[in-house]
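Asker: my questions are about this predicted structure, shown below with the sequence.
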Amino acid sequence: MNKITHFIVHSKVATAIAALLCIGVWIYAIIESGNGGVLSYLNLLLYVIFGMLIGSANERAATGSQRTTLHTTLYYMGCAINPQLAVWQESTICLMLMVAAYRIMATTYRGRTAMGSYFAAFALVGIASIYSPQLLYLVPVLILCCGFMQSLHARTATAALLGVLVPYWVAFSILYLTDNTHLVQSFVERLTAGVSYAPAALHVPIGKGDTLAIPMIAIQWVWALMLAIPAIIRHTLSGTSKVKTRAIQNMQIGHMGTLFVGMLILPSLYTTMQPVLITLTATIGYGFFVSENKSRGRDIWLITLFVIWLLILGLNVWNEWSEAAQPPPPPSDRPRQ
């Protein structure tokens, strides 16, 4: 068992396998969706490159001195069970903007001149909210979570709010000058919309040709919570990390929790913020399994997560195949009027 978990945690081969499986599932999803244009394959390429960037082999585990690629593996695993992200959409832009914002926020620890960083980070959040308007509701909580960095005060909070507002000032100015102010109404409608989408369902076979429809979002979130919760508990109880590292992790956990709750209250955020949640979950969750102290319980939990992931992945592929294999409905026998 130790050999298996060591392979998953430390081997670049495991990361490559997860990436290849993700690519295969996404290409299949793109083909089946009928939206196999250049943008969809560019979207796939961006996700793959992004995974390579966040999983640099030179990064060290936050909980020790061991090198690991597990966070990259978990990122590709999370993407693989979210095939709805394969087609180009606004979520790709939001992912790039939000992660860039997090990287800037991570530099503000006890910064005496952090106002510029807060402004830049939340300017990126502001741009992301143009594509995902209801993200604006979460901005106050995201700012408060930056308090873990011990650099949040009246001036930096003001800089963050100004950073969110500046993209809107620029965007509305452009709309006014180009006589496209009618688009503001569309933005307001998206901002005030309630549940605006029907989540996809995974049809699980239960025998004799019958299937049980389970919301895809429920399956994805159960797996994500099984990954994140043990890591959060271990992070809370452990005091071995460096102070700055713990501050960054606390901020990330706060933002992850904010997105979880935000998506539950405002389901329309799911379509744009799910990739961000996958990235945060992988970044936080891997810390539970990387430790210099061996633990049979951790090994069993990791293998359990891996088996559940394979099951979800298989059901995803089966679901896509069964839908594609269904014959078209017969033509109506009703006479034409």
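Answerer: Nice, thanks for sending it over. Numbers count the residues shown, from 1 in each chain.

Asker: from Thr281, how far off is Ile232?
Answerer: 10 Å (C-beta to C-beta, to the nearest Å). Yep, even glycine has a C-beta here, placed from its N, CA and C like the rest.

Asker: quick one: which of those two has more around it?
Answerer: Thr281 (25 against 19; other C-beta atoms under 10 Å).

Asker: who's in contact with the more buried one?
Answerer: By C-beta atoms under 8 Å, 6 or more residues apart in numbering, Thr281 lies in contact with Leu74, Gly78, Ala224, Leu227, Ala228, Met256.

Asker: who wins on neighbours among these?
Answerer: Ranking these using other C-beta under 10 Å puts Leu74 first, with 28 neighbours.

Asker: in space, what's closest to that one - neighbours in sequence excluded?
Answerer: Counting by C-beta to C-beta, 6 or more residues apart in numbering, Ala282 is the residue found nearest to Leu74 once chain neighbours are left out, at 3.8 Å.

Asker: shaky segments in the protein?
Answerer: 1, 36, 55-67, 194-216, 239-241, 291-294, 320-337 (pLDDT under 70).

Asker: quick one: the strands in it, in order.
Answerer: 201-207, 210-215 (DSSP state E).

Asker: that older thread, can I get the contacts of Thr281 in JSON lines including distance to Thr236?
Answerer: JSON lines is the format used below for the contacts of Thr281 (distance: C-beta to C-beta, whole Å):
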{"residue": "Leu74", "distance to Thr236": "20"}
{"residue": "Gly78", "distance to Thr236": "23"}
{"residue": "Ala224", "distance to Thr236": "18"}
{"residue": "Leu227", "distance to Thr236": "16"}
{"residue": "Ala228", "distance to Thr236": "12"}
{"residue": "Met256", "distance to Thr236": "14"}
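
Asker: mind checking which of those are in helices?
Answerer: Among the contacts of Thr281, the residues falling in helices (DSSP state H) are Leu74, Gly78, Ala224, Leu227, Ala228, Met256.

Asker: is it true that the first one touches Gly285?
Answerer: Yes - proximity of Leu74 to Gly285 meets the contact threshold set by C-beta atoms under 8 Å, at 5.9 Å.

Asker: and of the contacts of Thr281, the nearest to Gln134?
Answerer: Taking C-beta to C-beta as the measure, Gln134 lies nearest Met256 of these, at 17.3 Å.

Asker: any idea how far the residue nearest to the closest one when sequence neighbours are not counted is from Tyr76?
Answerer: Using C-beta to C-beta, 6+ apart and skipping residues adjacent in sequence, the residue nearest Met256 is Leu280, 4.3 Å away. Separation of Leu280 from Tyr76 (C-beta to C-beta): 15 Å.

Asker: swap in Ser151?
Answerer: 33 Å.

Asker: more neighbours: the two, which one.
Answerer: Tyr76 (25 against 21).

Asker: one step back: what is the nearest of the ones in helices among the contacts of Thr281 to Arg296?
Answerer: Closest to Arg296, out of all of the ones in helices among the contacts of Thr281 and judged by C-beta to C-beta, is Leu227, at 18.6 Å.

Asker: which residues does that closest one contact?
Answerer: Taking C-beta under 8 Å, 6+ apart, one finds Leu74, Thr281, Ala282, Gly285, Leu305 in contact with Leu227.

Asker: of those, which belong to helices?
Answerer: Per DSSP H, these map to helices at Leu74, Thr281, Ala282, Gly285, Leu305.

Asker: list the contacts of the first one.
Answerer: The reference is to Leu74. Leu74 touches Leu227, Thr281, Ala282, Gly285, Tyr286, counting by C-beta under 8 Å, 6+ apart.

Asker: swap the cut-off to 10 Å and go again
Answerer: 8, 15, 18, 51, 55, 224, 227, 278-279, 281-286, 289, 305, 309 (C-beta atoms under 10 Å, 6 or more residues apart in numbering).

Asker: could you do the third one as well?
Answerer: Contacts for Ala282 (C-beta under 10 Å, 6+ apart) come out as 51, 54-55, 70-79, 224, 227-228.

Asker: go again using 6 Å as the cut-off
Answerer: His71, Leu74, Tyr75, Gly78 (C-beta atoms under 6 Å, 6 or more residues apart in numbering).

Asker: ok, now His255?
Answerer: Contacts of His255 (C-beta under 6 Å, 6+ apart): Cys145.

Asker: change the start of the numbering to 684 and stick with it
Answerer: With 684 as the first residue, the last one maps to His938.

Asker: please tell me how far it sits from Ala701.
Answerer: 24 Å.

Asker: re earlier: which of the contacts of Thr964 lies closest to Val1000?
Answerer: So of the contacts of Thr964, ranked by how close each gets to Val1000 (C-beta to C-beta), first place is Gly761, at 16.3 Å.

Asker: in this structure that closest one contacts Ile961, no?
Answerer: Yes - using C-beta atoms under 6 Å, Gly761 is in contact with Ile961, at 3.8 Å.

Asker: show me where the stretch 834-983 of the chain has its helices.
Answerer: Here the stretch 834-983 of the chain has its helices, by DSSP state H, counting those that start in this stretch, at 837-860, 866-874, 899-920, 926-948, 953-968, 979-1008.

Asker: among the ones you listed, which comes closest to Met788?
Answerer: helix 926-948 (6.5 Å).
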